[in-house]
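Enquirer: 3D, please:
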Amino acid sequence: MTSQTIAGKKLHQIVDALRYNTLITELVLIHCQISDQGTQYLAATLRYNRTLTALNLLGNLIGAPGTKYLADALRYNTKLATLNLHYNPIGEKGAKYLADALPYNTTLTKLILDTNELAEKGAYHLANVLRKNKALTTLDLKYNQFADKGVQYLADGLRDNKTLTTLNLQINWFSNQGARYLADALRYNMALTTLHLESNQIGGEGAQYLGDALRYNTKLTTLKLYGNEIADQGAKNIGDALRYNTTLTTLDLRSNKIANEGAQYIGDGLRYNTKLTTLDISNNEMGGQGAKYLGDGLRYNTALTTLDLSTNALGGQGAQYIADGLRHNTVTPIIFVTFSGTNYIPYIDSHHIESKLQ
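Expert: Numbering: from 1, shown residues only. From the prediction side, this is the model:
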C-alpha cells in the first residue's frame, strides 16, 4: 500500500492477518501515516511472525518511540532480513534503540536509514552496531548530516567489522577529514566491497587519502565519488592508486571538475591497471587533449569494458583519440557524448567510432 492513511481498524486488520500469515514475505507500507502508535501494533506482530522477510515503512512519520517498538521486536524476530525506515524522523534516540537491539538480531542483513535525522550522535550509536552485529551486510545511511565527526565514529566501527559489504554515506556533509577517517578504516577492513560517498565535499585532499588507502585495500570493488569536487589534484591520487590496486572494478568520478590534467593522471593509471571494468568520468571538464591522454591509456589497458565520457567537451578530435586507443583494446560499449559547438556525437559505441574514422 502507498500514500494512504492506515490507522485504527484498517491497521488492526493488517496486523491480525500477519499473525496467521504463512505466505506473505514482503510488506510495503509507504507514506501511510502509520506514526508511532501504528508502529507499536506492527512491532507486536513482528516479534512472532516467521514468514515476513522484508518490511518497507518509508515515510510514515515514525519517530523515536515507534523505532523503540521495532527495535524491541528485532530482539526476538528470527526471519526479517530487510528493514526500510527511509524518511522517518527517528533521530539519534531512534538510532540508539536500534543499536541496542541489533547485537541480538542474527537475521537482518539490510537496514535502510536514509534521511532519518540521525546526525552525529546517531552515527555514534550505529558505530556500535558495526562493532557487535554479525549479520548486517548492507547499511544505507544517506543524507543524515553526519559531518566529519559522525563519519569518524562510523569509520572506527568499520575497522574491525567483518560482515558489512555495502555502506552508503551519500550526502552527509563531510569534508576531506571525513574521507581521511574512512581511508584509515579501509586499510584494516577486510569485508567492505561497495562504498558510496557521492555528493560530499572531500575535495582533492580527501581523494588523496582514499587513493593511498586503495593501494593497500584488497576488498573494495566499487567506489562512488560523484560530485565531490576532487578536481585534477584528486584525479592524480586516484590515478596513482589505479596503478597498484588489484580489486576495484567500478569507479564513479562523475561531476568532479576533472580537466585535461586530471585526465592525464587517470589515463596513466589505466595503462597499468588490470582490474577496473567500469569507469564513469562523465560531466567533467575534459577537452580534446584530455581525450588524448585517456586514449593513450586505453591502448595498453586490457580490463576496462565500460567507459562513460558523456558531457565533456571532447569534440571530434577527442573522439578520434579515443578511437585510436580503442583500436588496440576490447572496450565496448562506450557512451560518448560531447556538447562542444557542433561536435555532438550521441551515444556512439567503440565500433561505431572506429568505423567512422577508417
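Enquirer: can you map out the helices along the stretch 201-350 of the chain?
Expert: 203-216, 231-244, 260-272, 288-300, 315-326, 350-357 (DSSP state H, counting those that start in this stretch).
Enquirer: to residue 75, which of these lies closest?
Expert: For residue 75, the closest of the helices of the stretch 201-350 of the chain is helix 203-216, at 35.6 Å, according to Cβ to Cβ. Every C-beta, even on glycine, is put in place using the N, C-alpha and C of the backbone.
Enquirer: how far off centre is the closest one?
Expert: Distance, stretch centre to chain centre, for helix 203-216: 17 Å (Cα atoms, centre = their mean, to the nearest Å).
Enquirer: what does it contact?
Expert: 175-180, 182-184, 186-187, 200, 202, 220, 223, 225, 228-235, 237-238, 240-241, 244-245, 248 (Cβ atoms under 8 Å, 6 or more residues apart in numbering).
Enquirer: CA atoms only for that helix, dumped as PDB, please.
Expert: Output in PDB follows, covering the C-alpha atoms of helix 203-216 (Å, rounded to 0.1, in the frame of the first residue of the first chain):
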ATOM      1  CA  GLY A 203      38.000  17.600  -2.500                       C
ATOM      2  CA  GLY A 204      41.400  16.800  -3.800                       C
ATOM      3  CA  GLU A 205      42.900  16.200  -0.300                       C
ATOM      4  CA  GLY A 206      40.200  13.700   0.600                       C
ATOM      5  CA  ALA A 207      40.800  11.900  -2.700                       C
ATOM      6  CA  GLN A 208      44.500  11.700  -1.700                       C
ATOM      7  CA  TYR A 209      43.600   9.800   1.500                       C
ATOM      8  CA  LEU A 210      41.300   7.400  -0.300                       C
ATOM      9  CA  GLY A 211      43.800   6.900  -3.100                       C
ATOM     10  CA  ASP A 212      46.500   6.000  -0.600                       C
ATOM     11  CA  ALA A 213      44.100   3.500   1.100                       C
ATOM     12  CA  LEU A 214      43.300   1.900  -2.300                       C
ATOM     13  CA  ARG A 215      46.900   0.900  -2.700                       C
ATOM     14  CA  TYR A 216      46.600  -1.400   0.200                       C
END
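Enquirer: list the buried residues in that helix.
Expert: Of all the residues in helix 203-216, those buried under the rule 16 or more other Cβ atoms under 10 Å are 203, 204, 205, 206, 207, 208, 209, 210, 211, 212, 213, 214.
Enquirer: now render the residues you listed as JSON lines, adding distance to residue 65 and pLDDT.
Expert: As requested, the buried residues of helix 203-216 are exported to JSON lines (distance: Cβ to Cβ, whole Å; pLDDT from 0 to 100):
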{"residue": "203", "distance to residue 65": "40", "pLDDT": "98"}
{"residue": "204", "distance to residue 65": "44", "pLDDT": "98"}
{"residue": "205", "distance to residue 65": "42", "pLDDT": "98"}
{"residue": "206", "distance to residue 65": "38", "pLDDT": "98"}
{"residue": "207", "distance to residue 65": "42", "pLDDT": "98"}
{"residue": "208", "distance to residue 65": "44", "pLDDT": "98"}
{"residue": "209", "distance to residue 65": "40", "pLDDT": "98"}
{"residue": "210", "distance to residue 65": "39", "pLDDT": "98"}
{"residue": "211", "distance to residue 65": "44", "pLDDT": "98"}
{"residue": "212", "distance to residue 65": "44", "pLDDT": "97"}
{"residue": "213", "distance to residue 65": "40", "pLDDT": "97"}
{"residue": "214", "distance to residue 65": "43", "pLDDT": "97"}
